[in-house]
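**Student:** Mind folding the following:
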Amino acid sequence: MSDTLATIQGRTSANNFDPTHHMSEAQIQELVELTLNTPTSFNMQNWRLIAVSSAQQKANLRKLAFNQAKVSEAAVTFIVVGDSMGYQQLPTLIKPMLDAGALDQAAYDGWIGMCNGMYNGNAQLQRDEAIRSGSLAAMTLMYAAQAKGYVSGAMIGFDGAAVAKEFGLNEHEVPVMLIAVGNAAPGNWPRKVRRSLAQAVKTV
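**Tutor:** Alright, predicted model coming up:
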């Protein structure tokens with residue numbers, strides 16, 4: 001518990017990264033594996049990550065992100081992708097639970113039916129859920145990075161259409177944000193001031 005609280009309290013947004021630091025594929029995969037624990041609506045898991053780690057691809061991405069240096073100086077910059085049609089994959093995703101006997105057929109059919117009833121034909125909610133799920137995954141990723149001793153920085157400053165084209169997103173995928181991850185370089189700001197409890201919560 002104390003480690004979890006320290007991770008939450010210690011994470012801050014980094015702008016300066018050590019450009020000599022490189023992460024192995026195994027280290028990148030470990031962060032993604034931790035991020036897989038992210039909750040999503042109906043467990044549809046409607047997000048994925050593109051780990052941009054090669055110098056050339058980071059340079060390409062940096063051009064599409066208004067030349068933000070951290071895109072290429074971080075060891076890896078993740079493109080967080082939300083899928084507005086993720087609900088269509090739910091039958092396959094939860095089939096193992098049916099096969100294992102954790103669900104009976106009625107529960108399986110009901111789960112899928114409720115999900116389809118909510119999202120099918122509702123383009124606004126589909127997009128909202130893609131961004132919502134991608135954002136939850138992004139936060140899990142940043143906490144995982146913090147726990148592993150890295151720093152991270154989230155970005156929404158990029159050309160979404162150009163990123164989607166350059167990195168092969170399909171028509172129902174949304175580039176939610178970019179997350180730079182790596183070792184810190186000098187010059188990062190300390191943790192920023194937060195609002196008071198009174199400003200942040202109302203108990204009713």
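**Student:** where does the closest residue to residue 191 other than its chain neighbours land on pLDDT?
**Tutor:** What sits nearest to residue 191 in space, not counting adjacent residues and going by CB to CB, 6 or more residues apart in numbering, is residue 12, at 4.4 Å. For glycine as for every other residue, the C-beta is placed from the backbone atoms N, C-alpha and C. Looking at residue 12, its pLDDT is 95.
**Student:** Show me where this structure has its helices.
**Tutor:** 2-10, 25-35, 55-64, 69-73, 90-99, 105-119, 123-147, 160-166, 197-200 (DSSP state H).
**Student:** Pick the most deeply packed of those helices.
**Tutor:** With neighbours defined by mean count of other CB atoms under 10 Å, none of the helices of the chain is more surrounded on average than helix 69-73, at a mean of 21.
**Student:** Which pLDDT does the model give the spatially most central residue of the chain?
**Tutor:** Using CA atoms, centre = their mean, the residue of the chain that lies closest to the mean C-alpha position is residue 138, 2.7 Å off. Listed pLDDT for residue 138 reads 98.
**Student:** need the contact list for it.
**Tutor:** Residues near residue 138 by CB atoms under 8 Å, 6 or more residues apart in numbering: 80, 154, 176-177, 179.
**Student:** And these, which is closest to residue 51?
**Tutor:** Nearest to residue 51 out of these is residue 179 (CB to CB; 9.9 Å).
**Student:** contacting residues for the closest residue to that closest one other than its chain neighbours?
**Tutor:** Using CB to CB, 6+ apart and skipping the chain neighbours, the partner closest in space to residue 179 is residue 78 (4.4 Å). By CB under 8 Å, 6+ apart, the residues touching residue 78 are 49-52, 141, 178-181.
**Student:** Need those in JSON lines (columns: pLDDT and distance to residue 170).
**Tutor:** Converted to JSON lines, the contacts of residue 78 look like this (pLDDT from 0 to 100; distance: CB to CB, whole Å):
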{"residue": "49", "pLDDT": "98", "distance to residue 170": "15"}
{"residue": "50", "pLDDT": "99", "distance to residue 170": "13"}
{"residue": "51", "pLDDT": "98", "distance to residue 170": "18"}
{"residue": "52", "pLDDT": "98", "distance to residue 170": "18"}
{"residue": "141", "pLDDT": "98", "distance to residue 170": "22"}
{"residue": "178", "pLDDT": "99", "distance to residue 170": "19"}
{"residue": "179", "pLDDT": "98", "distance to residue 170": "21"}
{"residue": "180", "pLDDT": "99", "distance to residue 170": "24"}
{"residue": "181", "pLDDT": "99", "distance to residue 170": "25"}
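**Student:** What about these, which are in strands?
**Tutor:** With DSSP state E as the criterion, strands contain 49-52, 178-181 from among those.
**Student:** what's the distance between the residue nearest to the centre of the chain and residue 198?
**Tutor:** Distance, residue 138 to residue 198, using CB to CB, to the nearest Å: 28 Å.
**Student:** Equivalent analysis for residue 90, please.
**Tutor:** For residue 90 relative to residue 198 (CB to CB), the value is 41 Å.
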